[in-house]
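> sequence unknown, structure follows:
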């Protein structure tokens, strides 16, 4: 089983979303929130490519 298969599993997908959000927050913190829109767009593209599409109104 590859790493992407693990992320796609139900439990793994929840963990992957948590990790993705944590990474986004970390990048935003390190850049002083200067690139929040770009970081969010990149995160959405990565999650979409991994089959983790989700609505994001709570982050805007």
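Noted; the coordinates are in hand. Here the structure is a predicted model, which is why all the values come from computation and not from measurement.
> so how far is residue 21 from residue 34?
With the distance defined as CB to CB, to the nearest Å, residue 34 ends up 19 Å from residue 21. (C-beta placed from N, C-alpha, C; glycine too.)
> got any ranges where the chain has weak pLDDT?
Along the chain, the model assigns pLDDT under 70 to residues 1-11, 53-60.
> so where's the longest helix in it?
Determined from DSSP state H, the single longest helix within the chain is helix 10-30.
> quick one: secondary structure of residue 52?
Secondary structure assignment for residue 52 (DSSP: H, G, I helix; E, B strand; the rest coil): coil.
> can you report phi and psi for residue 32?
Dihedral pair for residue 32: phi 70, psi 30, per degrees, to the nearest 10.
> swap that for residue 35, please
The phi and psi values for residue 35, taken as degrees, to the nearest 10, are phi -120, psi 40.
> please work out how many residues are found near it.
By other CB atoms under 10 Å, 13 other residues sit near residue 35.
> what's the distance between it and residue 14?
For residue 35, the distance to residue 14 - CB to CB - is 26 Å.
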